Structures are given as structure tokens and as C-alpha cells.
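Peer 1: Sequence below, structure please.
(2 chains)
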Amino acid sequence: MKLNIIKIFAIVPLLIASLASCSSYLELEPQDNLIQDEFWQNKEQVASAVAGCYASMNQSGFTDRVLKWGELRAEMLVSVRAGNNERNMMKNFITPTNSLVNWNNFYATVNYCNLVLEFTDQAQAKDLSFTEAEAATFKAEALAIRSLVYFILVKNFKEVPLVLTATASNQVNFYPAKSSESEIIEQIVADLKKAVEDLNIGYEAIGYDKGRMTKGGALSILADVYLWSEQYNECINATQDIIDSGRYSLVDGSEWFNSIFFEGNSSEGIFELQFDDINKTYQNAFYFGSPTYAPFGGTKELYVEFLDDVRADKATYDEDLNTVFKFAGIDETGLYRGNDEFYNTFIFYRYAEVLLMQAEAYIFSTENQNLNKAAELIGQVHERATGAPFNVTIDKTSLSNALLLERQKEFAFESKRWYDLLRFARRNNFEDQFLITDLVDLKAGPDDYEQILSFYSDAESYFLPISQNEIDLNKNLLQNPYYENN
Amino acid sequence: MKTTKLITWIGGLFAFMFILNSCNDNLDGSTFFTTDEMTIAGTLESNPEKFSMYVDILQKTEFYTAFQSYGSYTCFAPTNIAVQEFLQEKWNVSSVDELTSEDQIEFLKIIVKFHTLPTKRAASAFLEGRIDELTYTGDYLTTSFVGGGGIANVEINREAKLDQYDIVTNNGLIHAIDRVLSPFVDAVPKVIEDAGTHTIFVEALKQTGYYDVFSEIYNEDGIRVNFTILAESDAIYAENGINSFADLAAVISPDNSDYLDVNNELNRFIAYHAASDFYYSADFPEDGFVSTVLPKNAIKSLKTDKELKINETETGTNDTWTSLLAEQSNLPAKNGVYHTVNKLLTVFTPKPKYQIFDFPLTPAVGKLAFGKWYGPNEPNEPYSHGYTNPRVFPTGERIRILRQSKNPSYGTPQDGGNTVFNMGGVTWVEWDTPVLPKGKYEVRVCGNTGNNGRPVFQVYWDGQPIGSQWDMRDNLQDVFGSNWKDVDSLTMRQAGYVRGLKTVQTNQGVTAYDSSGWGRFIVTSDLLCPEQRSHVIRFETIRSGGIPIDYVEFVPVN
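Peer 2: Here you go, the predicted structure:
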């Protein structure tokens, strides 16, 4: 009998335990509500959330893609030991299952920005020391970062979902459809204009001045967006605002490599992502002991015309080791960064590009075309590097060819080349598609010419497929037709 | 007492059942599988709007169960529209059910075998040329990018396009195609003739008797024979002022019209346009010779960064070399492939040059799947090659290609690198070498040495023993001691060895040069080849053992 009682007593706790084990079904409150409500209380928290936006770009998942999307489909880098996905991208053979097309990191940043935009006012209301102007600046930083991210997405995917609200509650549409390129551009332009108004001109500390969004940073993105969307007059104005600010200048030719790339945050820098830790993207790609990529065979040829081009050997590339020197080297003696010395910044915009963007706008603008002005602007960048005068026939074709070449030389390996080619190629309904199909001559070997030519033949293929994962999860997302496979 | 006990138990039981019920999950009644992927058969069947007719064919031909079971296939599945068109064209019927005669079923079986590969080949592996694996009919399917438009526009056998690619199943891959592929029936000459663009060349084939020679599909032993033909199109002849067969004959053989005579210049010219094996453009050696049907002659193949150069003189003074016109090349037939050259291809006499004869890359062997054993002369096996080069004794020994990335064995990027030719113990194995230009050579061999299970060889050259014995049991460390890397090259040469190649390495980056097991054995340093021709190199075992041999080098000696 005693035993039986024990048995009964044994059953009761079991029963209780079993009830408890199922009780979590009863909690209907979304578990993150408390956290969000508790978090957005004061200025410090908003400041750290904004810092989180920058930190989210600081991931190799983000910067790796910025580099690979900007370079691999163009010609400047060849593989030394790149992976399959990368080598396929170098042939413009990209499928929706290629993990390089995964945009998660980019939307993570978008969401961090959206959180700041959504909750900053709430925090400002609760914190008496938090002024409206300060709140506006934080929001402007988030807007500018979000615009930069969407601009990168639009250049690569052409059409992507435009998510402007934070996924902080279950009221959000989890299945957004794509927006058109023009809708996204319109949104970015509006956001950037707003951001330019509210952003600081600069910061005391150099790392902040270059590493945080400033008026100059937002204007640079805006100018680039205008150039991409062929709004040349607006581009001229935006770049002029940067020039007129007087805050930036070209570094001296003799300091070109050291100041801009080795030390970073030069007087030329406008927006450079700062790294507390190692810049893994450049370390993995360019460390001279085991580089993933090397400069393409024609790199040296680009610079031979001007003997004293400061951008040539032991600056942009190393002729002896056939490596990318720009991010991996230390000085002209051919010293290299150690594997644990990649404290590079990741430069998004610098003043030389502002000048060349304005030059491009002056060349292609109908109302404000000014070829002499364009030549003068290209000349500034050219002469700084070569010490030689910029002598090009002043006509539209010659200047635009010279500009594209100057950009190739100045921004080699800076994740710009593919977009340059694409931007030039696609004007007037891909009138200059040869700029891209000519890449095949550089990329093909004896057995794969037809194959690679085929991969570059369709202009639709110049934009990436949406990751298959996203397509599977979101029924409203339509694949870029070129990649449809069903 | 007993009742209380019972009540306790019953009460306990109820309580326990209550516990069980309270957390009941909704998955009851579901069946679980180790994988959520379907088989090829299941996938085809679950997409009836696209594949129901091909499923009908599979069921009719009893291949359906094969695609339902364990395995690894690539299935080129024609869509319903494609099958419909095919049935209409071929038999004027609209459904598979209407096909009942034995002939019809037999043909359907050939269709299915022709559309199936014995391994997985994803679209990312497609090249301009053949797909690596033979179909179950023993043919190569080809993929072509000349139409542009990327992977979705790839043409299979230049007649069907991909409708959908890389459909993953648990026993292979499916590629949907928009036409039923026509199984190869015709030999190369007929295929060239049907193209209609090479009429002068075809006439020359007929006049010289090679039309029939190259139309052979099986030899007298029932083994598949293959030809690669490099043809000039009428347009290329026209560029050279040749507008008819008579013009061609007048240029090549103006004084002798006995074109059937093997010594006739036109006869030789045509024989020089063919090789006795499969050479899709990707199969042409990086830098080496391809023996032609014209005896003692070869085409020199050199691949630069950019292009394939045929018969390049190496003087660099003039571009007399020939290349292939992509649009009209890599075109398949039942017994081979043809290409169109972009210039007149005339008989060329090469100079002696360094040659590496990589056993796994010889055309007859180089197309075998890695790691799988192949028997000789098995024409009935659906995907056996029936290899004829090498020959082995006792006959019947099986061969395989081993790919071992941990070994620094020679290979090229196209075969994935690091391959060796491998077989068990035999009395001898012999190879036809590529054509060697006349001259004097040093002959070196390399294989995976340094294991007591390896053989000792005497090498024979055209039936005569040459040089000293190659003891594969010894690696460089066995011969020179643990400081073998410090031994100078002259001492090493005097003992009959050269260190391995610096250019090949393991997946860990260790070169053959630094690997004791991959040194090169010098068979002889003064092999005289008084005339240009192909030779027979035989490895006769003095002591038997497993044979992992890699390559032979022919180094010209002044």
C-alpha cells in the first residue's frame, strides 16, 4: 500500500511537469516586444544603434560581396585560388544557387537602419538631453547608409524589394515584391536629399570624419546615383556642392599610395568604412603570402604610357610578384603587410571620384555639356598621378574613352570597375555593349571562348539572379527572367 | 487491498495517458523519409504537365524502375511538347500507347539509353564540345554555346535546347530539353555530307576511298572505332581559289589521278585530315601531337592562352597555323566528330620537341570516369569503351584512372589534374606513342614508386629491350638515402634518376620535385628515332605488382 501511495505521488509531479512543458504555447505576446520597448529610451542607445548600422557593414559577408560584385565580372582580377562560386562569377556564369548572390547582409543593414528611423523619435521624446537636431542627424546617417546599400543592390540586381519599415513586430509584410529600378532610385534620391540637409559637415576625430556619414558622403552617393540614372545636371550640382565645401582635396602625387591606401583616411577620403579589427576582405583577397586574386595580364600595360605614373608598379600592383599591391603593400620598396596587419579602411568614395563623376556628367549632359570643363577635371586626377599634362582631343568620344581609362587606372581593384563598364555600356539601350563583350577576349582560354561569350551575350545577365533561397521563401519575389529555370 | 492497488494502477494509467495526449503533435500519421528529395522517376511523375509523355516512354521500355532505384544518373528528359512532336514526325501517332510493335519499342529503348548518362553532370560542367560521360548507347552528347544567351540557351547535340536544368533528385539530375535527341546513326562522312557545306571535301573523301573507311563503326572484332575529321568547307576552299573537286585535285595532286593509291598526294592529303579517335576541341593536347590516319604523320596541337593552334611552326615569323571554326566544329556522329579548319590543312613536318605522354590522357583512356574499372574489348557493355590502346597481356585485365589530389601526379586542368593510370599485375602492358618527329631522345618514366607491392619493369621499344630496369619499389629516398634532396642532379642522373616535375603539385601544394615517390627514371638517354612515326612502348614485368604509372617523357637530345 505504501508503495502504491508512492506511485501516486510519483504521478502527480509528472502530471504537473507535463502541463508545464506545454505551457509555452500559451504565450501570445511576441517575445521581442519587451526588448524593443525597453531599448529605445535615450540618446546613447540610439547612438549605439547607429553604430550598429556601420558595424553591420563591417562584416566580411558585406564587404566581400562589395568587392566581388564590383570586380569579378570585370577584367581587373584573375583567380589564383578563388573558389568555384567566384570563378563562375568571373565567367558571368551565375546561378540562383551561387551563394555570392545572397543579399542577407545587405538587408540586415537595411533593417538596422530602419530600426533607427522608426524608433529614434520615441527615444528622443523620452530623453530630455536628446535634442531634435541630434535625432535628425542620427536618422540622416541611417538614411544615407540605407541609400548606399540600396544603391549597391540596384546596381547589382536592378530590381529588389524596397523595405522601408523595420521588422520589429509582426505587422510587417514579410513577403515584399520587387520594386522597379526607377522606384528605388527615386526613393534613394529623396532619402539622400533629406540626409544631406540633416547630416553633419564633419567630425573632429579623423576616424569619425571619414568613417561616419557626413554631408559630403551623402552627396557623393547622390552624385553616383544621378550618374547611374543619367541625371547629369543633378550630378553636376551634387559634385559641385562637395567641391565647394572645400573640405576635401587630392593628396599630392608622391603621397598617393601611402596616404590614401596605406594609412587610409586621407584628405581625399569622403566615406571610408573603418575596421576595429582586421579588414578580412582585403586580407583574404590580397595577402601576398597566399592571395586569392592577382591583377590581370594587361594591368601593367594600362600605366606604361606615362613613365612616372605614381599608380603603377609597387602602388597599384607589384610587377615582380604579380600581386595587387594597393591594399597589401606597405611602401615602394616592395614591403608587404603581414597577415595580421590588414587594418585597411574600405574606401567607398574619395575626392578623385567626385572630380571624375563631375567630368562624366559634363560629357554626357545635353543641356550642360562642357567638354573643356570635363577635360580640366580629368586632367586634375591625371596630372596628380602622372605629372604629365592631360592631352586628349576635345570631343565627346575621345573624352569619354579617356575618362573610362582614367577611372580604371585610378580606382583599380576598388570595387568600381564592373559598374563603370556597365554604366558606360548600357547608355542608349546598350549601344556600347561591346565594352562588356570584349571582356571575353581577356577571360577565355582556347577551350571556352564560345561558352564565356555566351555567358556575356545577353544584357539581362549583367544583373544578378535573386538567391534561390529568397525565391523559395517569398512567393512574391519574381526571378530575373534571364535566370528562370522552370 | 487488491482493489485499491488496481485503482491506483488504473488511475495511474489514465493519468499517464493524459500526459501522452496532452502533448500530442500534429505529425501523427506522417511517413518519414531519410531524404525529402524524390527519385528521377518520382520527380518526372510529379510534373505531368511537363514530363508525363516521357514517363510513358520510360514505362513502356521498362526503364522506369531503374530511375526509381538507387543510382546516379543524368536524365535528359524531353518535355511533353517535344515528345509529341517526335511521335508525330517519326510514326504519325499522338501517344506512346499507340506504339506496340517490337521495332517501335526497340527504338524507344535506344532513345532512353541515348538520353541517359551513368553519372551526374550538372549544367555547370557543360563545355563547348562533348559531355565527359558516354550515354548508355555508347555515344557522346555534345553541348554548345555558339547560340549565345547563357546556360539556358545551351544546345544539346545542336538540336535541342535546355528547357530546365539541374533538377536535383536523390538518384541523379534531370535536364529538361525541348526536343527529343536523334540517336546518332550516321558515320562522320555522312554527317558532313548532310551538312551540305563541305561538298568538295566529301567528294575528295569518296574519290580517295576514305568515305567508306571513315564510315566504319565497328571493326572486325566488334569494337567501336572512332574518327576525328578536320575538314575544309567549300568557303575555305574558295578562299584558296578552289571551287570544285577538280580544282582541289589540280592543286594537291596535279600529275596523278589515281586517288585510291595510298601514295597519291590527294590520298595522303585526305588521310592527313583524320585521326583514329575522338578529339573534340577540348581533347586536343595542350602541346603535343595527334597521330593522323596518314601513317607516320601527326597534327601538332598547341593551345595558347587564347586559342588552339594546329601545326604552329614555333618560329613565330608567320602565322601559318590553322585553327577551328567554332560554328562548324565539334559536330558529332555515330563514330566520331568533325571540325572545320579555317585554312587549308596541308601535311606538316614537325621538329623534335619535348613531349610528355600522359597515360591517363591518351584519348582512348582519358575519357573514362575516374576510379571506375574498365575491361578491354567489351563492345556489349553499354558504356565500356573497349580500349585498344594500351594493350595488355594476359588480356582481360581491367584498367582505371585514379585521381588522387594528395599525390603530385601529372594532369591538366581539363581532367582535374593529379591522375595516374592504374591496373593490377600483368605480364606486360604496351602503348602506341604519339608520333615522334625524327631525332634523338632521352626517355623518362614516372609513376607512384616506393612501395613493395610495385613491379619491376624492363622497357621495350618497338619490340627491343632498351635501357636498364625500372624498379618501382624504390623511391628516391630508397635509392639516395634520407638526404636525397641534397644529392646534386649530376649524381642523380648518373644513378638513372631525375627529380619530379616542379610544375605539378598535390592539393597541399607539395610539388613532385619535392616528393621522393615521384622522381623520374631515365630509361635511356640516347634513343634514336630515324624516322617520324608512332612507336610501341612496352612495360614487361620482371616482378609483378600493382601498376600506378603516370607518364613518359621524350626529351630531344642534341
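
Peer 1: quick one: the strands in the stretch 351-500 of chain B?
Peer 2: Assigned by DSSP state E, counting those that start in this stretch, the stretch 351-500 of chain B shows strands spanning B:355-358, B:391-393, B:399-403, B:419-423, B:428-432, B:439-447, B:456-461, B:464-471, B:497-498.

Peer 1: now the stretch 1-150 of chain B
Peer 2: Using DSSP E, counting those that start in this stretch, strands in the stretch 1-150 of chain B cover B:73-78, B:116-117, B:129-134, B:140-144.

Peer 1: Need the contact partners of the second one.
Peer 2: In other words, strand B:116-117. By CB atoms under 8 Å, 6 or more residues apart in numbering or on different chains, the list of residues contacting strand B:116-117 from outside reads B:63, B:73-76, B:131, B:133-136, B:141. The way it works is simple: take the backbone N, C-alpha and C, and place the C-beta from them, glycine included.

Peer 1: now those residues in TSV, with distance to chain A?
Peer 2: Shown next, in TSV, are those (distance: CB to the nearest CB, whole Å):
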residue	distance to chain A
B:Phe63	25
B:Tyr73	19
B:Thr74	16
B:Cys75	16
B:Phe76	15
B:Ile131	13
B:Glu133	18
B:Leu134	20
B:Thr135	21
B:Tyr136	26
B:Leu141	16
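
Peer 1: right, and the pair among these with maximum separation?
Peer 2: Greatest spatial distance in those: B:Phe63 and B:Ile131, 19.6 Å, computed using CB to CB.

Peer 1: re earlier: with mean pLDDT added, can I get the strands of the stretch 1-150 of chain B in TSV?
Peer 2: Formatted as TSV, the strands of the stretch 1-150 of chain B follow (pLDDT from 0 to 100):
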stretch	mean pLDDT
strand B:73-78	96
strand B:116-117	94
strand B:129-134	85
strand B:140-144	92
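
Peer 1: As JSON lines, the ones you listed with mean neighbour count would be great.
Peer 2: Listed next are these as JSON lines, based on neighbours: other CB atoms under 10 Å in any protein chain shown:
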{"stretch": "strand B:73-78", "mean neighbour count": "24"}
{"stretch": "strand B:116-117", "mean neighbour count": "24"}
{"stretch": "strand B:129-134", "mean neighbour count": "22"}
{"stretch": "strand B:140-144", "mean neighbour count": "23"}
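
Peer 1: can you put those in JSON lines and add distance to B:Leu501?
Peer 2: Formatted as JSON lines, the strands of the stretch 1-150 of chain B follow (distance: least, CB to CB, whole Å):
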{"stretch": "strand B:73-78", "distance to B:Leu501": "35"}
{"stretch": "strand B:116-117", "distance to B:Leu501": "33"}
{"stretch": "strand B:129-134", "distance to B:Leu501": "25"}
{"stretch": "strand B:140-144", "distance to B:Leu501": "31"}
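
Peer 1: In contact with B:Phe245, which residues are there?
Peer 2: Neighbours of B:Phe245 in contact, by CB under 8 Å, 6+ apart: B:200, B:203-204, B:207.

Peer 1: can you check B:Asn448 too?
Peer 2: B:407, B:409, B:420, B:454, B:472, B:517-518, B:548-550.

Peer 1: Go again with 6 Å.
Peer 2: B:Asn448 makes contact with B:517, B:548, according to CB atoms under 6 Å, 6 or more residues apart in numbering or on different chains.

Peer 1: list the buried ones in the helix or strand encompassing A:Asn156?
Peer 2: According to DSSP states H and E, A:Asn156 maps onto helix A:132-157. Residues A:134-157 are the ones in helix A:132-157 that count as buried (16 or more other CB atoms under 10 Å in any protein chain shown).

Peer 1: Deepest in the core, which of the strands of the stretch 351-500 of chain B is it.
Peer 2: strand B:419-423 (a mean of 23; mean count of other CB atoms under 10 Å in any protein chain shown).

Peer 1: residues contacting the residue nearest the centre of chain A?
Peer 2: Residue closest to the average C-alpha location in chain A (CA atoms, centre = their mean): A:Val66, at 4.7 Å. By CB under 6 Å, 6+ apart, the contact list for A:Val66 reads A:Ser415.

Peer 1: how close does it get to chain B?
Peer 2: A:Val66 sits 25 Å away from chain B, going by CB to the nearest CB, to the nearest Å.

Peer 1: backbone phi and psi for that residue, please?
Peer 2: Torsion angles at A:Val66 (phi, psi; degrees, to the nearest 10) stand at phi -60, psi -40.

Peer 1: Model confidence for it, exactly?
Peer 2: Looking at A:Val66, its pLDDT is 97.

Peer 1: Quick check: it vs A:Ile221, distance?
Peer 2: 13 Å (CB to CB, to the nearest Å).

Peer 1: give me the low-pLDDT residue ranges for chain A?
Peer 2: Scanning chain A with the threshold set as pLDDT under 70 gives A:1-37, A:168-173.

Peer 1: quick one: the strands in it?
Peer 2: Along chain A, counting by DSSP state E, strands occupy A:77-79, A:269-273, A:293-295, A:317-318, A:323-324, A:346-350.

Peer 1: Quick one: closest of those to chain B.
Peer 2: Minimum separation from chain B across the strands of chain A (CB to the nearest CB) falls at strand A:77-79, 11.0 Å.

Peer 1: from the middle of its chain, how far away would the closest one be?
Peer 2: Counting by CA atoms, centre = their mean, to the nearest Å, strand A:77-79 is centred 20 Å from the centre of its parent chain.

Peer 1: That one and chain B, are they touching?
Peer 2: No: judged by CB under 6 Å from any CB of the partner chain, strand A:77-79 stays clear of chain B, getting no closer than 11.0 Å.

Peer 1: Mind listing what's buried along that strand?
Peer 2: So, applying 16+ other CB under 10 Å, buried residues of strand A:77-79: A:77-78.

Peer 1: same thing with stretch B:220-234?
Peer 2: For stretch B:220-234, by 16+ other CB under 10 Å, it's B:223-234.

Peer 1: likewise stretch A:237-251?
Peer 2: Counting neighbours by 16+ other CB under 10 Å, one finds that the buried residues in stretch A:237-251 are A:237-239, A:241-243, A:247-248, A:250-251.

Peer 1: export those residues to TSV and tack on distance to A:Lys91?
Peer 2: Formatted as TSV, the buried residues of stretch A:237-251 follow (distance: CB to CB, whole Å):
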residue	distance to A:Lys91
A:Asn237	40
A:Ala238	36
A:Thr239	35
A:Asp241	41
A:Ile242	37
A:Ile243	40
A:Arg247	42
A:Tyr248	38
A:Leu250	37
A:Val251	37
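
Peer 1: check contacts around residue 227.
Peer 2: Assuming you mean chain A. Going by CB under 6 Å, 6+ apart, the list of residues near A:Leu227 reads A:235, A:357, A:360.

Peer 1: my bad, chain B
Peer 2: Residues in contact with B:Phe227 (CB under 6 Å, 6+ apart) are B:188, B:214, B:274, B:336.

Peer 1: beta partners for it?
Peer 2: B:Gly336 (DSSP bridges).
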